[in-house]
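Engineer: any chance you could fold what I've pasted below:
(2 chains)
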Amino acid sequence: MDSSKFSMIWLVLGLPLLGFLVQALAGSNVVKAMGEAKGKKVMGMFAVAPIVLSFLIGAMLTLQLSGAEPAARSFVVAGPSWIEILGLSIPFEWVVDPLSMTMVLIITGIGSLIHVYATAYMAEDKDFTRFFTYLNLFILAMLILVLGNNLALLFIGWEGVGLCSYLLIGFWYTDHANARAANKAFIVNRIGDWALTLGMFLIVCLMVREGQGGGSARLLSFDVVLAILPKALAANPGMATAIALLLFIGACGKSAQFPLYLWLPDAMAGPTPVSALIHAATMVTSGVVLLNRFNIVFALSPLASAIVVVIGAFTALFAALIAFGQMDIKKVLAYSTVSQLGFMFMGCGAGAYWTGMFHVTTHAFFKALLFLGAGAVIHAMAHNQDMRNYGNLRKYLPITFGTMVVAWLAISGFPFLSGFYSKEAILGSALASSQATVGGINFAQVAGWTGLFVALLTAAYMTRLMVLTFFTAEERWRSIEPSHDHDHHDLDKNHVPHEVPAAMWVPLGVLAVLSLVGGFLMERGGAFQKWLYPVEVATIGKVGEHPEGIPLVALSIAACALGIGFGFFAYLKGLPRNQGLDETRWSPWRRSQRDQFGYDEAMTNLTVEGGRDAATAFWTWVDQGVVDGALMGSGRLAKGLSTTMKVLQSGYVRFYAFMMLVGVIGILSFFMVQGGGK
Amino acid sequence: MLSLLVFLPLAVAVVLLCAPKISDRISMLIGGAVSLGTLLLATVVFTQTKLTTFHFSLEEKVEWVKTLGISYHVGTDGLAVWLLILTGLVGSVVFGFAMNSKMEKGRTFTVCVLSLLTALYGSFVSLDLILLFTFFELTLIPMWVMINTWGGEHRRKAAFKFLAYTFAGSIFMLVGMVAIAMQYAAVTGRTPSFDVVTLQAATATGALWKGAMASQSLVFWSFMIGFLVKAPIFPLHTWIADTYAESPVVGPMLSSVMVKLGSFGMLRFVLPLFPEAVQAAAPALMGLATLSIVLGAVIAAVQTDARRLLAYSTLSHMGFVVLGIFSLTHAGVIGASVQQIAHGVTACLLMMLVGVLINRLGTSDLRQLGGIKATAPKFATVFLLAMLASVGLPGLNGFVGEFLTLLGAFQSGFSGFAGMSTGFAVVSGLGVVFAAVYLLGMFQKIFYGPERTWETGDMTDLKPSEFQLAGVLLLFVFLGGLAPNLFTKPMETAGQAARLMATESLGKRPSWSDAKMEVDFVGLQSDRGALIRLGPGNEPQEIISDSNLYMIPGKAETKPIAMRGDQP
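Structural biologist: Model (predicted):
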């Protein structure tokens, strides 16, 4: 089988591009010409169709790929050159292998469902086609990110998805708060991108030093880099650590890990389908994909692995704790996402890279479902996102409730649901790994135990969300006095929530089925692991799958049961008074959870306020004061001198200039004649 | 050919100045037509320039002052051709924009812009130092008149500052020019020469600066002061903020080309003429470039006026150009040359869009703007794309130059060549983060927020004519991002020669005057820059020297295996 069999990959990329162009160039005109309702329907179809087709072709290619010899399942589809200078060639080229195709299926599959959902969710919005322009562009950028066969191409996708995220967070542009959230996302991500760029540079330099690409100038292409780099790095673990850490900082930005996670909670300002697609299922998992792609580099550096595993575990714990202090249903899910991403990095840091991808996949199912479900709730509750105004919604939204129950149990690690398997795989490998051992401390094991505790917390805060939203007989919005603003329908005591239309609940149903059986099917016989890593990774031998002497399954089932039990116990009586609308009555601990333990505020103070002060000070004191002052001062001195001479009083700059020129030429000619005469 | 390109605008300007009774509108139409004509000519020059050689094409040489060795000598090569097109492009857009915004005193305006075009074209093709100086100085007068005639409240002060500043810089340059001519006379015993080709030949053999390293260093810095002011680079940049803020917006639009005189001057004159001084000063200049990148961006972030913000943005972006040049790597030099074009296009577009704002609402004060996206969606989209190009988003033109210059800086730091450090690339890279801070901030302040009305005017969307003008520049934004090879390929040979002139040791330096000398690439992945000698039929005959393109000594095959014509 040769790579020409996979040239259809161009179509997988081309269709979303076409969709994007149609939306961008024709969208608003079509809606205008065909009338609001009909036009949106047509453009909605044009938005969904390319993604569905892309998925179908992707599925076909994946089947084809699985037909190849396991060890040879990596094909490069070459294309025209993008950047080409002597000694460095960066073509448009795509890699078709299990990792990229898994991501293609997630992106286009979940993407299709969310596109369908969004046609209904966004139906009322006047910027309907602008929304789908961005959404189609996002799918394209995300596909470039996972399919690009070199780091620079990956970087187009990497910043491209960041751009779409920026545009979609700030989608409702009349509110400056949305713009600030969008800017924050872009800028924080750029810090990660900075490190990623430096990582690229370092790789280029090492490739040059260690054999110059073995005959190829494609110094950033995965097939070239990953063939040469391990040999070079094996002798130089410091460089392995440096590259691994630079890539990991990039991953921390995109995948919202501490200390760069700050942007993700704010990103919830965007429309909910965006949160489901970009900020839960796909974009934020890019970092995990990157680590999997460069697993060889990480495998060579225990130090970097330890840092990854510690950051992952800490982020998982930190975000899970914060989730308890959130009342906005989307914010709870946002912190939950940060926390779950932490799990994925734990798996990668422990050296079991496939477990990270496993969790990426199952998390895409149940977290997309949770967000879309939350979107359905928000849709039904007149766009009020405060769980303190919810309650008893299972009565009104039975389908949403039913599907969300599946997702809730899946994320809580309920046995035989998808989350159970992937979390098991991560915790099992972490507890059995010695990959991240530095200075005699097995950080993977520490992270594994932390993860087990976070699993308990996860079950608890998710149960809190479910109980506050769907359970109990309290219908708390009944206590909101109606406002007299008739233009805008607000949540008030006369509100009756309605179940969402089919375009919205059908995707929920599909995702529920996937959350239910996806994990089981992928885990069976190690199917997913063998698919993703048919060839043994370098860490093998350091990574076990099941820790000996630890009854992990029993422990994690206990954690799940305890968490759910705690959630029911604490919230089934109704909204506790110490978490009510009056936040002054909250406990200090709950308030600090709400405020991210002060971290966000401290960082904002330091960077935004502090940065502005420093920049202003620099501008006024150094730039305008010292530099400009010194230069203009010497100018004034010269002018002053000439004034005292009372010769040149015309005041015309040209005249001064002319005289200066004449003078200088005169002096120099004199020297010249002298010099020439020697 | 080149003389026609250079003097056509000036000739028309003189006619306009002398001709009686030409209405403002007609003059501007004529000006626009002439600009388009020069753009066409520049394109022809592009096609006629031999890009596979580092020797000059379309050369014209006439003795001017024989006893002083001054001649009218022009020529073009791969490094100049895109700048010529950029000049024509920006000139045409400027006329289009001025006609759209119904500029007053159109005839004076036309005369100014046309003479400025002559000065710009002339500077890019000059191969004689005095000729260069003449064109270089000629840029000042039209700019000064423009600031003074159509400028803002503090225009007199700004005009004076602009003139005094750049003039002071070029005085240093003039002294340096005379000194190098005298040095030539002293070492050869012939008449002095201002001819770059002659001087470079003497530099390549080492004759010119033999035993005069201290004077080389002095002359080098005198040239650099002139170019650094023009570029502008910290700490010689403070003219640019006042100039941008007080000029009519066409000033900064043209300035997006004019600042390239500084960086182009470094590539064309400084690298070839002062090799030892360049290597010695490279870390210092990388440091200044880094400071420009970071401080420009930091200061831009706290500006409240869009024009001042763009001025500091120019400081930051030009920092990348200088960073690339003095990294003395192939990636750096090519990246710098590409960044020049990309910044020219993007800065001109952004400034024009700010001009649209000023035409509509009479202000570019970010504190007074907001909510414009609601009423002007097309304008918002175009602005967004221009802003993203400036941010350096991959896929748009800003990325390629920044990526390559930073890569080059990292490479020379990694190799430790000429005492350089990767720290420059690491810190400069932060400039890309800060660029997002100030540009996204500007975009937010102008476009986000609730829909509103203004007392000073209506914020209507872009007119079709404005949209077309922006569209032309946007085309280059996309081309530069998606097909950067269109820009890099023509520059490679000339860029590599300029770099080898500065980095190679005596006797291994390319020489413009030796027609049988050619730069080439050899090695497994065309990763070694080489100097070869051509045979009688111009076929490759012998490799004079070859060196690593990245400056990083490699373990691999160093034996050259490919020669000219065997391009893989």
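Engineer: in PDB, list the C-alpha atoms belonging to the helix or strand hosting B:Phe320.
Structural biologist: Using DSSP states H and E, B:Phe320 sits in helix B:306-327. Only the C-alpha atoms of helix B:306-327 are listed here, as PDB (Å, rounded to 0.1, in the frame of the first residue of the first chain):
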ATOM      1  CA  ALA B 306      -4.300  54.300  16.800                       C
ATOM      2  CA  ARG B 307      -1.700  56.100  14.700                       C
ATOM      3  CA  ARG B 308       0.800  56.300  17.600                       C
ATOM      4  CA  LEU B 309       0.100  52.600  18.200                       C
ATOM      5  CA  LEU B 310       0.900  51.800  14.600                       C
ATOM      6  CA  ALA B 311       4.100  53.900  14.800                       C
ATOM      7  CA  TYR B 312       5.400  51.800  17.700                       C
ATOM      8  CA  SER B 313       4.200  48.700  15.900                       C
ATOM      9  CA  THR B 314       6.400  49.700  13.000                       C
ATOM     10  CA  LEU B 315       9.300  50.000  15.400                       C
ATOM     11  CA  SER B 316       8.600  46.500  16.700                       C
ATOM     12  CA  HIS B 317       8.100  44.900  13.200                       C
ATOM     13  CA  MET B 318      11.200  46.600  11.800                       C
ATOM     14  CA  GLY B 319      13.100  45.100  14.700                       C
ATOM     15  CA  PHE B 320      12.500  41.700  13.200                       C
ATOM     16  CA  VAL B 321      14.000  42.800   9.900                       C
ATOM     17  CA  VAL B 322      17.200  44.000  11.600                       C
ATOM     18  CA  LEU B 323      17.300  40.900  13.800                       C
ATOM     19  CA  GLY B 324      17.200  38.700  10.700                       C
ATOM     20  CA  ILE B 325      19.800  40.700   8.800                       C
ATOM     21  CA  PHE B 326      22.400  40.600  11.700                       C
ATOM     22  CA  SER B 327      21.700  37.000  12.500                       C
END
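Engineer: any idea of the mean pLDDT for it?
Structural biologist: Model confidence over helix B:306-327, given as mean pLDDT, is 95.
Engineer: tilt between whichever strand or helix holds B:Ile334 and helix B:306-327?
Structural biologist: B:Ile334 is part of helix B:330-361, with elements assigned from DSSP H and E. Inter-element angle recorded for helix B:330-361 and helix B:306-327: 170 degrees (by axes from the mean of the first three to the mean of the last three CA atoms, to 10 degrees).
Engineer: list the buried residues for helix B:330-361?
Structural biologist: For helix B:330-361, burial by neighbour count (16 or more other CB atoms under 10 Å in any protein chain shown) applies to B:330-358, B:360-361. No exception for glycine: its C-beta is placed from N, CA and C like everyone else's.
Engineer: picking up where we left off before, quick one: buried residues of the helix holding B:Phe320?
Structural biologist: The neighbour-count check on helix B:306-327 (16+ other CB under 10 Å) flags B:306-327 as buried.
Engineer: that one packs against which elements?
Structural biologist: Here helix B:306-327 touches helix B:239-246, helix B:250-258, helix B:260-265, helix B:275-301, helix B:330-361, helix B:397-415, helix B:423-447, going by 3 or more CB pairs under 8 Å, 6 or more residues apart in numbering or on different chains; DSSP states H and E.
Engineer: these: which one's closest to A:Asn389?
Structural biologist: helix B:423-447 (30.6 Å; CB to CB).
Engineer: name the helix or strand for A:Phe27, please.
Structural biologist: Careful, residue A:27 is Gly and not Phe. helix A:9-34.
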